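In: turn this into a structure:
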Amino acid sequence: MKVGLIRCMQTEDICPATTDFKVMKEKKLAFEGVEDEIEVIGVVSCGGCPGKKAVQRAAEMVKRGADTIVLASCITKGNPIGFACPHAEQMKSAIEKKIGDSIQLIDYTH
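Out: Numbering: from 1, shown residues only. Okay, the predicted model is just below:
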């Protein structure tokens, strides 16, 4: 699995994505059952509210080899600030539309 990780720009200063990388390495939570080696192709932010840059950044990571785009839990679950992105579903839909069905989209990490 070649992962492109998209995280919330609002949480960059307080979260270095440590738990995201840990669950990938240990193949837990969103990555449970993954048989293949997990390689991180890139880590980007959504670009800030309302996350419009996430679509192009996802497409760029696919272009560079990602077969899976992952929205970090800071976007969809609000970790660690306790406030999920109000644009998460719209962002997810726009990314799915852009990258197509051949690329897997995971909407959380932990």
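In: now do residue 92: how many residues are near it, please.
Out: Residue 92 sits with 20 neighbouring residues when counted by other Cβ atoms under 10 Å. Where C-beta positions appear, they are placed from N, C-alpha and C, glycine not excepted.
In: the helix or strand harbouring it packs against which elements?
Out: Assessed by DSSP states H and E, residue 92 sits inside helix 88-99. Under the contact definition 3 or more Cβ pairs under 8 Å, 6 or more residues apart in numbering; DSSP states H and E, helix 88-99 sits against helix 53-63, strand 68-71, helix 73-76, strand 104-106.
In: mean pLDDT, mean neighbour count and distance to residue 89 added to these, as TSV?
Out: Listed next are the helices and strands packed on helix 88-99 as TSV, based on pLDDT from 0 to 100; neighbours: other Cβ atoms under 10 Å; distance: least, Cβ to Cβ, whole Å:
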stretch	mean pLDDT	mean neighbour count	distance to residue 89
helix 53-63	98	20	12
strand 68-71	98	26	10
helix 73-76	96	26	9
strand 104-106	98	15	12
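In: on that earlier part again, starting at the chain centroid, how far to the helix holding residue 92?
Out: 11 Å (Cα atoms, centre = their mean, to the nearest Å).
In: likewise stretch 94-110?
Out: 9 Å.
In: what residues does that stretch touch?
Out: By Cβ atoms under 8 Å, 6 or more residues apart in numbering, the surrounding residues in contact with stretch 94-110 are 1, 5-6, 19-20, 23-24, 28-31, 54-56, 58-59, 62, 66-73, 76-77, 79, 88, 92.
In: orientation of the helix holding residue 92 relative to helix 53-63 in degrees?
Out: 40 degrees (axes from the mean of the first three to the mean of the last three Cα atoms, to 10 degrees).
In: thinking again about what came up before, which one of the helices and strands packed on helix 88-99 lies nearest to residue 14?
Out: In terms of Cβ to Cβ, the element of the helices and strands packed on helix 88-99 nearest to residue 14 is helix 73-76, at 9.4 Å.
In: any chance of the helices and strands packed on helix 88-99 in a markdown table with distance to residue 37 as columns?
Out: A markdown table is the format used below for these (distance: least, Cβ to Cβ, whole Å):
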| stretch | distance to residue 37 |
| --- | --- |
| helix 53-63 | 17 |
| strand 68-71 | 12 |
| helix 73-76 | 22 |
| strand 104-106 | 15 |
